[in-house]
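Novice: Got a sequence here, can you build the structure:
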Amino acid sequence: MIVAVIGIDEVTTPFVTADWWRVHGWALAITFAIPVVATIVSGRWLRVFRKRAKAAGDDVEGRRLRRLTTVVGLLSGAIIVVAWFVFVLVLLDAVNVNIAPILASAGIAGIALGFGAQTLVRDTISGLFIFLEGQFDVGDIVDLTTSTGTVSGTIEALSLRITSVRQFDGSVSIIPNGTITITNNRTRGWGRAVVDVRVGLTEDADRVREVMLDLFHELEEEPPLKEWLRQPPQVLGVTQLTDIAQVIRAVAETQPTHRIDAERLLRERIVARLAERGILMPSITTPAPPPRS
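Specialist: I've put the predicted structure just below:
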């Protein structure tokens, strides 16, 4: 009775014999070698593709490479799962396990997933739409707003269920796709560097503008800013007045992955140039901490 319940037929000869290996050995070896080789090869290829995607630029070729890396990751994962499943079925059949109930249970498992694993289904469907709509790919820099907060960093891996994000401090966040509510992709189209400069209230805003424009004209042909900028920087003018300073804003359209880099470089060069021309920048005074009791 127990044998019938678990689906194992009555066996009259031992499994591990010369005849058993002669009948089932090649099938087991081939079905085992395929997932092993697929796992090793796909792992190496994925590392290569991810490295190239991380170093890719913001042009059409870089975008295509990041998309290709995402497709390769999804397809390799699906192939590996199917290959190992086939090997398990062949192994069970070789040891006289009736696999018909296992195959028939696939439909029952699907129904169980629909009723009892809503979270898994939600994550998988969300991941499918993320991939089909191209919301982000491996190597993209994103801000992902989830039900528990915002995660910022570079996409390292994308599957139908989860997304792996490498944050700036090096930590990796694993995010279920179903929890992502808003996606801000920083590697699409273009970015805008915004630099606010504080100068004294007594300084001539027109003179400050001229000094900054002269500097920007020089920087247009200097690397690496030459490769980062899509359009020359512009000075918008005074955007804010405080008790001790006037805030002058400069903006520049940049390659999306170099927006922060362009802001840092522009800020450094602007401060240095204003100091050379004798333009005063008010100091920020920090109030003294209260005395300890």
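Novice: what about the residue nearest the centre of the chain, distance to residue 120?
Specialist: Closest to where the C-alpha atoms of the chain average out (CA atoms, centre = their mean) is residue 155, at 1.0 Å. Distance, residue 155 to residue 120, by CB to CB, to the nearest Å: 21 Å. From N, CA and C alone the C-beta is placed, and that goes for glycine too.
Novice: close enough to count as contact, the residue nearest to the centre of the chain and residue 144?
Specialist: No: with contact defined as CB atoms under 8 Å, residue 155 does not reach residue 144; the gap is 9.0 Å.
Novice: Could you pull up the contacting residues of residue 251?
Specialist: 192, 193, 194, 195, 233, 234, 236 (CB atoms under 8 Å, 6 or more residues apart in numbering).
Novice: rerun that using 6 Å as the cut-off
Specialist: When contacts are counted by CB atoms under 6 Å, 6 or more residues apart in numbering, residue 251 touches 192, 194, 234.
Novice: Just give me the closest of those residues to residue 182.
Specialist: Among the contacts of residue 251, residue 192 lies closest to residue 182 (CB to CB), at 19.3 Å.
Novice: Secondary structure element for that closest one, which one?
Specialist: strand 191-200 (DSSP states H and E).
Novice: Can you tell me the strand partners of that strand and which way each runs?
Specialist: strand 245-254 (antiparallel) (DSSP bridges).
Novice: Can you point out the buried residues in the strand it pairs with?
Specialist: Neighbour counts using 16 or more other CB atoms under 10 Å place 245, 246, 248, 250, 251, 252, 253, 254 of strand 245-254 among the buried residues.
Novice: What's opposite the first one in the beta bridge?
Specialist: On DSSP bridges, the residues paired with residue 245 through beta bridges are residue 200.
Novice: Could I get the pLDDT score of the residue lying closest to residue 186 once chain neighbours are set aside?
Specialist: Spatial nearest neighbour of residue 186, chain neighbours left out: residue 141 (4.3 Å); criterion: CB to CB, 6 or more residues apart in numbering. Note on residue 141: pLDDT of 87.
Novice: SS state for residue 175?
Specialist: Judged by DSSP: H, G, I helix; E, B strand; the rest coil, the three-state class of residue 175 is strand.
Novice: how deep is it tucked in, by neighbour count?
Specialist: Residue 175: 16 surrounding residues under other CB atoms under 10 Å.
Novice: where does the stretch 101-250 of the chain have low pLDDT?
Specialist: Within the stretch 101-250 of the chain, the stretches with pLDDT under 70 are 101-117.
Novice: in the stretch 151-293 of the chain, which spans are helices?
Specialist: Per DSSP state H, counting those that start in this stretch, the stretch 151-293 of the chain carries helices over the ranges 205-219, 225-228, 259-276.
Novice: Sounds good, over and out.
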